[in-house]
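In: Just need the structure, nothing else, for what follows:
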Amino acid sequence: MKRRLLLLLMPVMFLGLALFFYVRLSEDPSARDSALMARDFPAFEATTLRDPERRVDPSLFEGELTLVNVWGEWCPACRQEMPQLLDLAERNIRLVGVNYRDTREAGLAFLDEFGDPFAVNIFDPDGELGFELGVIGAPETFLVDAQGVIRYHHKGYVSPEDVHDRLLPEVEKWR
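Out: Residues are numbered from 1 along each chain as shown. Reported below is the predicted structural model:
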């Protein structure tokens with residue numbers, strides 16, 4: 001009797017488990033909220049891309065709403081989104097870059113070619129700050145409020161539509 005019951009339950013358990021995995025694996029991981037939402041920007045100390053002698057830390061975000069864009073010279077989508085970032089800077093929105101897993105020379109050449117919308121660029125050649133931010137791939141953009149708290153996370157390329165439909169409303173919301 002027990003063996004029959006077990007034989008009847010096994011296909012049901014298998015189908016339930018298969019359905020669970022199908023649903024979980026078909027979800028878009030980029031649609032999930034960042035684990036850092038509503039938390040302080042991670043602690044760090046780094047040099048800037050342009051000045052290896054200048055050190056910066058999270059106090060960089062105190063007192064002013066800031067969009068933090070994680071980018072790299074090696075990243076094709078970073079090239080595509082640069083016009084949108086330049087537009088945001090022209091709208092007097094403060095941008096800080098995180099030059100992620102790059103060399104100083106390559107990062108500077110990228111900015112010379114595509115423009116530099118950033119008030120400051122944090123140099124993160126080993127990806128340590130990117131790791132602390134939970135970056136899964138550049139580009140990624142974070143909105144940090146004037147108290148240094150992460151309020152919004154945009155994964156991937158910032159399109160012109162994203163600027164209008166997502167970033168600008170979030171900036172206005174937290175200003």
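
In: Dihedrals phi and psi, residue 70?
Out: For residue 70, the backbone dihedrals (degrees, to the nearest 10) come out as phi -90, psi 120.

In: again with residue 92
Out: phi 60, psi 30.

In: Burial check on it, number of neighbours?
Out: 6 (other CB atoms under 10 Å). For glycine as for every other residue, the C-beta is placed from the backbone atoms N, C-alpha and C.

In: Could you do the one 5 residues further on as well?
Out: Counted with other CB under 10 Å, the burial measure for residue 97 works out to 27 neighbours.

In: Local confidence estimate at it?
Out: Looking at residue 97, its pLDDT stands at 98.

In: Report the contact partners of it.
Out: 49, 68-71, 118, 120-122 (CB atoms under 8 Å, 6 or more residues apart in numbering).

In: Out of those residues, which end up buried?
Out: By neighbour count, with 16 or more other CB atoms under 10 Å, the contacts of residue 97 hold 49, 68-71, 118, 120-122 as buried.

In: buried stuff in stretch 127-139?
Out: Those would be 127, 129-130, 133, 135, 138-139, for stretch 127-139 by 16+ other CB under 10 Å.
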